[in-house]
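Visitor: next one to model:
(2 chains)
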Amino acid sequence: AQKITQTQPGMFVQEKEAVTLDCTYDTSDPSYGLFWYKQPSSGEMIFLIYQGSYDQQNATEGRYSLNFQKARKSANLVISASQLGDSAMYFCAMREDSSYKLIFGSGTRLLVRP
Amino acid sequence: GAVVSQHPSRVICKSGTSVKIECRSLDFQATTMFWYRQFPKQSLMLMATSNEGSKATYEQGVEKDKFLINHASLTLSTLTVTSAHPEDSSFYICSASLVAGSLEAFFGQGTRLTVV
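Guide: Sure thing, here's the model as predicted:
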């Protein structure tokens, strides 16, 4: 069974600094995808970045990058140059290609300080 | 990106009544839709997978008679909370994929249900 773990319930970061949000996963499926979503207080889920299990390079999308360490089964999100608008809940998620179900971690609440 | 519209965004209902939540893919056909439930300050828990033209697949512990899911067309899935009780109060959110196994799942805006 697949499992996603986010060990940081809350994180603080100073504006303009970089922050890393941790995510580890467990799966026996060799083919899977890893996702990060942002959920502001409004509740909507905003897709940030995706990493496929066979991707050789770490994914990057603007200020977001995913530090994918397959052997360690970790997929940490790095947000560079934090902005006040980055304050939100962040969820790591995984989908095994055999099931198509997207399973979420418990989330990390990020607060960016001015 | 693709748009998924969920309606209503908020609903308050009396205990014992039923509530229907709609999830529509506006500019694409979604063969698969997923329904999630989120309690305050918690993660999204997958409730069921809805496939067009077939019965939904429910996750373990989710009462299928309580949470009725219908996916009658490629653009619409509905979740009906039957005989709602205060413990059913939660945030419900749907997601849709262009095709099964698609790279990205598109989420609706969510529905905050309060049962009084």
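Visitor: OK, contacts around A:Leu84?
Guide: A:Leu84 is in contact with A:15, A:112, A:114, counting by C-beta atoms under 8 Å, 6 or more residues apart in numbering or on different chains. Every residue, glycine included, has its C-beta placed from N, CA and C.
Visitor: distance of it from chain B?
Guide: For A:Leu84, the distance to chain B (C-beta to the nearest C-beta, to the nearest Å) stands at 21 Å.
Visitor: ok so, going back, buried members of the contacts of A:Leu84 into PyMOL, please.
Guide: Of the contacts of A:Leu84, the buried ones can be selected in PyMOL as follows, counting by 16 or more other C-beta atoms under 10 Å in any protein chain shown:
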select buried, chain A and resi 112
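Visitor: just the closest of the contacts of A:Leu84 to chain B, please.
Guide: The nearest member of these to chain B, counting by C-beta to the nearest C-beta, is A:Val112 at 18.7 Å.
Visitor: ok, the helix or strand containing the closest one: who's next to it in the sheet?
Guide: Using DSSP states H and E, A:Val112 falls within strand A:108-113. Under the criterion DSSP bridges, strand A:108-113 sits next to strand A:10-14 (parallel), strand A:88-96 (antiparallel) in its sheet.
Visitor: just the CA trace of the last one, in PDB.
Guide: When you say that, I think you mean strand A:88-96. What follows is strand A:88-96, C-alpha atoms only, in PDB (Å, rounded to 0.1, in the frame of the first residue of the first chain):
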ATOM      1  CA  ALA A  88      -0.700  28.200   3.000                       C
ATOM      2  CA  MET A  89      -1.000  24.500   3.500                       C
ATOM      3  CA  TYR A  90       1.200  22.400   1.300                       C
ATOM      4  CA  PHE A  91       0.400  18.800   0.500                       C
ATOM      5  CA  CYS A  92       2.600  16.200  -1.000                       C
ATOM      6  CA  ALA A  93       0.800  13.500  -2.900                       C
ATOM      7  CA  MET A  94       1.600  10.300  -4.800                       C
ATOM      8  CA  ARG A  95      -0.200   8.300  -7.400                       C
ATOM      9  CA  GLU A  96       0.800   4.800  -8.300                       C
END
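Visitor: contacting residues around that strand?
Guide: A:2, A:4, A:6, A:21, A:23, A:25, A:27, A:29, A:31-41, A:45, A:48, A:75, A:77, A:101-105, A:107-110, B:43-44, B:105.
Visitor: buried ones only from these, please, as a ChimeraX command.
Guide: A single ChimeraX command suffices to select whichever of the contacts of strand A:88-96 are buried according to 16+ other C-beta under 10 Å:
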select /A:2,4,6,21,23,25,27,32,33,34,35,36,37,38,39,45,48,75,77,101,102,103,104,105,107,108,110 /B:43,44,105
